[in-house]
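A.B. asks: quick one, what's the 3D model for this:
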Amino acid sequence: SKVLGYENDPILGPTGAVAIPEFNTRFTRGMLMDTMPTRFDTLLRLSGFSHGTDVWLGNAKDLITSKTATVDQAIGCRDDIMLYLISCGMPEKRSFKIMEAVRKGRGLPEGAEEEMRAAGVPDWYIGSCKKIKYLFPKAHAVAYVMMAFRIAWFKVHEPLAFYAAYFYRRSQKGGFDAAMMTRGLEEVKAHISAIDGNDAATDKDEDMLTTLEVCYEFYLRGFSFAPMDLYRSHDTKFLIEDGKLLPPFVSVSGLGETAAWDILEGRKGKRFISIEEFAMCCNKLSKTHIEQLKALGAFAGMADTKTLTTDGNVMGSVHYFSPEQAKGGRVDNRSDLYSLGVVMYEMLTGRPPYDGESPVAVALKHINGGAPMPSTINPNIPGGLEQIIMHAMEVDPARRYSSATEMLYDMEEFRKNPNPLFYFDEPVQARAAAP
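C.D. replies: A predicted model of the protein is given here:
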């Protein structure tokens with residue numbers, strides 16, 4: 001584990017093998033500690049030990065720890081028996097027959113024990129064959145361990161990609177709970193201790209423990225999760241942002257892929273001003289899901305209800321709100337110019353640019369933009385004046401007039417020429433040009 005930035009951790013031990021296929025469980029990590037492998041071939045044997053039945057516990061483990069046999073001598077895979085017996089001088093066909101009987105859990109064929117002793121096979125080896133109920137094929141072990149090697153490379157060299165992929169797979173099977181796992185190292189440690197100390201722990205608890213150990217290592221290595229975000233989180237994938245992992249919506253306990261996809265669809269082209277309004281757009285979410293998302297920070301301080309007030313004081317008429325005011329964001333002089341643009345729009349067309357069934361609906365239209373051009377309502381509106389109004393009403397404050405002086409300059413240009421063509425990306429003195 002030293003290469004991962006920690007050593008001999010009291011929870012994970014010294015191996016650094018959590019989340020690595022074939023070697024990630026406490027059982028297989030214990031095998032690594034018992035055998036201390038230094039070669040790929042030894043890892044193959046460990047794969048055989050773990051996948052076989054009555055191959056490791058009460059058999060190979062006892063032989064190795066008692067120094068009766070080495071890891072290389074103990075039986076790990078089917079092929080080991082046949083190749084070893086041939087090396088002892090036994091006929092190839094007979095060696096194969098003995099291997100087949102042992103790997104199927106049938107023990108030794110009649111007369112095989114005497115033949116093996118005559119060939120110099122030690123008693124401990126014969127006894128080991130008699131205990132085995134199932135042996136793993138070496139070809140399978142090779143494929144599995146090669147895969148584990150590749151994945152381990154990413155754990156060392158591309159850790160965030162590694163953990164993002166691992167947590168994604170776990171969340172697909174209900175094995176990742178954001179409320180339990182994204183709140184820091186101490187919270188994860190507490191959950192690990194609670195499960196370890198619970199004699200009545202369920203299979204679900206044990207499954208969560210597997211992920212909790214990986215989360216613990218994730219934090220131990222200095223990584224962290226970003227708060228879930230209503231507009232940036234993916235429905236199913238953990239995203240890498242600014243050196244952190246952004247959890248997906250499916251990592252909320254009980255929130256399935258259908259509901260997560262509903263959030264993505266519901267947020268398209270929208271900016272919500274209240275949790276209540278968000279819930280109306282995503283009807284596949286339960287009240288419990290909404291509360292869970294709120295607790296995980298997904299709403300980032302968004303108001304609970306559609307009431308457009310701050311500390312009980314009305315902020316203004318919703319029909320004249322600027323988008324940033326509707327979102328409860330920072331306002332400045334450009335917000336006032338937006339409201340002025342709305343007033344001018346209404347003066348020239350006889351109606352405000354946005355209307356709706358509720359204050360929330362109107363505010364959302366301001367946030368999302370897309371007001372009809374005034375000339376589509378009143379064709380007699382001069383083009384230059386229409387340009388000024390729509391520029392003042394840009395959704396993004398950075399694209400509006402930066403000051404009343406700048407807007408006044410364009411108004412003067414319009415007074416001189418009712419149909420100028422304004423180039424708003426140019427300096428104010430150079431913006432007006434004859435049509």
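A.B. asks: for the closest residue to Leu255 other than its chain neighbours, give its distance to Lys268.
C.D. replies: Nearest residue to Leu255, sequence neighbours excluded (Cβ to Cβ, 6 or more residues apart in numbering): His289, at 5.1 Å. No exception for glycine: its C-beta is placed from N, CA and C like everyone else's. Per Cβ to Cβ, to the nearest Å, His289 is found 19 Å from Lys268.
A.B. asks: what about these two, which has more around it?
C.D. replies: Between His289 and Lys268, counting by other Cβ atoms under 10 Å, His289 is the more crowded of the two (21 against 7).
A.B. asks: quick check: which helices or strands does the helix or strand that one falls within pack against?
C.D. replies: Using DSSP states H and E, His289 sits within helix 287-295. Applying 3 or more Cβ pairs under 8 Å, 6 or more residues apart in numbering; DSSP states H and E, one finds that helix 287-295 contacts helix 178-181, helix 275-281.
A.B. asks: in the longest one, which residues are buried?
C.D. replies: Using 16 or more other Cβ atoms under 10 Å as the burial criterion, the residues of helix 275-281 that qualify are Ile275, Glu276, Glu277, Phe278, Ala279, Cys281.
A.B. asks: surely the second one touches Lys294?
C.D. replies: The one in question is Glu276. No - the pair Glu276 / Lys294 is not scored as a contact, 11.5 Å apart, by Cβ atoms under 8 Å.
A.B. asks: phi, psi for Thr53 please.
C.D. replies: Recorded main-chain torsions at Thr53 are phi -110, psi 130, according to degrees, to the nearest 10.
A.B. asks: how close does it sit to Gly297?
C.D. replies: Counting by Cβ to Cβ, the gap from Thr53 to Gly297 is 47 Å.
A.B. asks: can you find the helix or strand in this structure with the smallest mean pLDDT?
C.D. replies: Every helix and strand of the chain was ranked by mean pLDDT, DSSP states H and E. The lowest is strand 313-314, at a mean of 40.
A.B. asks: ok now the helix or strand following that strand, how far from the chain's centre?
C.D. replies: Next helix or strand after strand 313-314 toward the C-terminus (DSSP H and E): helix 323-326. On the basis of Cα atoms, centre = their mean, to the nearest Å, helix 323-326 is displaced by 31 Å from the centre of the chain it belongs to.
A.B. asks: name the residue most distant from the centre of this protein?
C.D. replies: Ala118 (59.9 Å; Cα atoms, centre = their mean).
A.B. asks: for it, give its distance to Ala112.
C.D. replies: 11 Å.
A.B. asks: could you tell me which residues within stretch 367-376 count as buried?
C.D. replies: Neighbour counts over stretch 367-376 (16+ other Cβ under 10 Å) mark Ile367, Ala371, Pro374 as buried.
A.B. asks: which SSE is the second one in?
C.D. replies: Counting by DSSP H and E, there is no helix or strand that carries Ala371.
A.B. asks: the first one too?
C.D. replies: Element membership of Ile367, judged by DSSP H and E, is helix 359-368.
A.B. asks: just the C-alphas of that helix, formatted as PDB.
C.D. replies: Output of helix 359-368 as PDB, limited to C-alpha atoms (Å, rounded to 0.1, in the frame of the first residue of the first chain):
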ATOM      1  CA  PRO A 359     -44.900  34.000  -9.900                       C
ATOM      2  CA  VAL A 360     -42.600  30.900 -10.200                       C
ATOM      3  CA  ALA A 361     -43.600  30.400 -13.800                       C
ATOM      4  CA  VAL A 362     -42.900  34.000 -14.700                       C
ATOM      5  CA  ALA A 363     -39.600  34.000 -12.800                       C
ATOM      6  CA  LEU A 364     -38.500  30.900 -14.700                       C
ATOM      7  CA  LYS A 365     -39.200  32.500 -18.000                       C
ATOM      8  CA  HIS A 366     -37.000  35.500 -17.000                       C
ATOM      9  CA  ILE A 367     -34.200  33.000 -16.100                       C
ATOM     10  CA  ASN A 368     -34.500  30.900 -19.200                       C
END
